[in-house]
Each structure stands twice: as C-alpha cells, then as structure tokens.
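Engineer: Got a predicted model here, sequence first, then my questions.
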Amino acid sequence: MTEDRMPAGKLIRPLIALACLLWFALPVPAASKKGAKRTLAFAAEMAQVGSWHEATFRWNSVLSQDGDNAHLHNNLAVAAEALGNWDEAAAYYKQALKLETDNFHIQENQRRFLIFLERLRRHADGEETAPERLVTVSGGGAKRKGKTFQVTVGLPMPPRLKLEGDESILIIDFLADETRFLDINREMVRFLRSAFRNRTAHEILDIVPPPAVPEQTIEDLLANTEFWKHLHREYGADLIVSGVLGFDREDISGYRDVDVVSPTTGQKVRQTRFVEQERFSYHIEVFFIDGKTGKLLYRDKLQRSAIIRGTQNDPITTFFDLSDTISAEVLAIVTTQIRSDTRRVFKY
C-alpha cells in the first residue's frame, strides 16, 4: 500500500505566503522610523531653502510607507504649488483635508491656494486682480495641529500675451499732455526701453528719436493699422508699444491737523498748522500692437499718485518713482512674473 505524499513545491509555497503575511503584520522597526524622521528633517531643510524637487522626492519616499499621513499630503501640495503644478496641488490639498478635515494649517494653505487660482483666472481673462473674492474651504472647528514652519513660495503668473519669446519690441512716443517741468514722453520711452531690456529676453529696438504718433484720437489711432504696419516694415518691429500718458503736479498746501511733541511735557499733541505739500498724479494707458497686422493685442490703464511734503520737490525723481510702481504690471503683459506668498509646511 503506497503512502500519499504532498509534493514539496505545493508545501513550500503556502509557507512562504504565510511568512510574508507575518512579516508585514509586524510593527515597523524602530530603525525604519528613525530613518523616516531623518528623511523628513532633510526634506524640511530643502523646503526652507526652496529646493522643492528634492523636498518632493523625500516626502514621496516617506508617503509610500505612510499613505494616510495628511501632513505629507499638505507638504506635497505646497511643493506642487511652488513648481507650478496646480492640478497636483489641488489633489494633494483635497486628500490632506480628507484625512484631517479640522486642521487649520491645511485649511489655510488651501484657502490661500484657491485665492491664487482665482487671481490666476482673472489675470488670464484680463480682469482686475483685486479685490479678491471671498474663498472658503470645507471643515469647521479648525485646530492648529502639528508642528509647522512658514515658507515663502514663488508662484509663477504667466504673461497675458503669449509670445514666442524672440520678438523685437519697438517703444514709440505716447499721446501725452505737455508739462512745463518735464518731457514725460522722452522719459517714459527711456524708462520702458530700459525695463524691457533688463527684464525680458526680447530684442528692444533702440530707435532715436522714437517714432512719433499721429495726432489722432485714441480710437482712431488704434484703428490706424497702416501706421502700425509701416513701423513694422520700416524697423522690423514685431510688437509695438505706445499709449496715452499724463503727469501732473498740484500744490495742495493748507492747514492740517498734525501730531507734534510738546516741548514741555514730551507728549504727543494735535495742533492745526500750515503744511506745504504737493500732489503728483500719474496715469498711463499702454497699448501693445501686432506690427505685422497693425491690430491691437492688449491695452491696460494704470494710475498712481503721491503726496510729498514741501513745494520744491524734484518732478523727475517723483516721475521715475511712480513709474517703478507700474513697471511690474506692464512687464507682466509679456513676461512671467513671480508672485510671492506664504504657506505652512509640517516638520513631520
């Protein structure tokens, strides 16, 4: 009579499977936890210095072993923002809040992210970027859970005009009101040429003197496609920049309530005194014209003002100071601008 025997292969395979199940059921070794903590500490250092690719790699390596860690999902969302990956950031924030609905830091990060997305949408549509619309996130009774630190992220705002990057730009005269104290046309052309040359990769055509614009109304000038195409043929300008410019100076001296320090008591007291001061008003409407077709591509209107003590202020200095405040907005039409914002990142 023969004895029934199980083949060796059939016996070994179940034993291996059982051993694997027991292995994964065991607690994570202390050495692994220490390794993860060192990895997270290094990732935090990389985030603080803006090395987001490196930080992302480290956080992902820990996430593969701890997929339900809301803090890691939050950190990866912040990194995705810094790298310009909006869809990834949205997905990570959604998962982080799913895991910890009441975490204030995650809620606040997502709220600021949604505000940025709204600003990005308005920017792309050519709308005003302020004031912001109210943005709320899900969850109530938020708690400040987890140890965090603040980081600054640079969020790229794409240009409003999508150009190839190698276009030649010609900045010509503006329709400008004459002033008795400053040639604002000459100074604006000089300022814009310098700004575009220093902060963009485009070729800036340095035509001296800058071509003058016809004496027409604004709308007639914009409709004068033959004039713009002539500039393209004459100077090889792919993009032409012009517009309307105004700069005014007004004496607004008068009696004002001012705070002064009493020489007797050393305390602040309010007194009515005659104050000499001037108001400088500045407005610019800038046009971007396609040289080949003569058609308007984009227009934007900006205004600034400044009140300065005294009546002998230098108008040139004030003009350039106010021009500096609008330069980023003008450049944002043709170049990517970085908008800085803050986020909270978890240490572990």
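Structural biologist: Sure thing, it's come through. The shown structure was predicted, so the numbers you read here are calculated from the model rather than taken from an experiment.
Engineer: Quick check: mean pLDDT of stretch 223-236?
Structural biologist: Stretch 223-236 carries an average pLDDT of 96.
Engineer: How about it, which residues are buried there?
Structural biologist: For stretch 223-236, burial by neighbour count (16 or more other Cβ atoms under 10 Å) applies to N224, F227, W228, K229, L231, H232. For every residue, glycine as well, the C-beta is placed using N, CA and C.
Engineer: What sits closest to M157 if chain neighbours are left out?
Structural biologist: Excluding its sequence neighbours, the residue lying closest to M157 (Cβ to Cβ, 6 or more residues apart in numbering) is Q337, at 4.8 Å.
Engineer: For the one you found, give me the pLDDT.
Structural biologist: Listed pLDDT for Q337 reads 82.
Engineer: which one is I204 nearest to, not counting chain neighbours?
Structural biologist: Spatial nearest neighbour of I204, excluding adjacent residues (Cβ to Cβ, 6+ apart): R197 at 4.5 Å.
Engineer: by contact count, what packs against the strand or helix carrying that neighbour?
Structural biologist: Assessed by DSSP states H and E, R197 sits inside helix 184-199. Judged by 3 or more Cβ pairs under 8 Å, 6 or more residues apart in numbering; DSSP states H and E, helix 184-199 is in contact with strand 168-171, strand 175-176, strand 203-205, strand 239-251, helix 315-331.
Engineer: circling back: give me the number of residues near the residue nearest to I204?
Structural biologist: 15 (other Cβ atoms under 10 Å).
Engineer: how far away is it from T317?
Structural biologist: From R197 across to T317, the span is 22 Å (Cβ to Cβ, to the nearest Å).
Engineer: Relative to Q337, how far out is V275?
Structural biologist: 38 Å.
Engineer: Those two: who's more crowded?
Structural biologist: Q337 (17 against 14).
Engineer: wait, doesn't that one sit right on V330?
Structural biologist: No: contact criterion Cβ atoms under 8 Å: Q337 and V330 do not qualify, at 10.6 Å.
Engineer: Can you pull out the low-pLDDT segments for the stretch 101-250 of the chain?
Structural biologist: Scanning the stretch 101-250 of the chain for pLDDT under 70 picks out 124-142, 165.
Engineer: How many residues are close by G50?
Structural biologist: Neighbourhood size, G50 [other Cβ under 10 Å]: 13.
Engineer: measure it to I338 for me?
Structural biologist: Relative to I338, G50 is positioned 12 Å away (Cβ to Cβ).
Engineer: shared neighbours of those two, anything?
Structural biologist: G154 (Cβ atoms under 8 Å, 6 or more residues apart in numbering).
Engineer: circling back to that earlier point, just name the most buried of the helices and strands packed on helix 184-199.
Structural biologist: Of all the helices and strands packed on helix 184-199, strand 168-171 has the most neighbours on average by mean count of other Cβ atoms under 10 Å, namely a mean of 23.
Engineer: counting contacts, what elements does it pack onto?
Structural biologist: Applying 3+ Cβ pairs under 8 Å, 6+ apart, one finds that strand 168-171 makes contact with helix 184-199, strand 203-205, strand 239-251.
Engineer: If anything else comes up later, I'll come back, but that's it for now.
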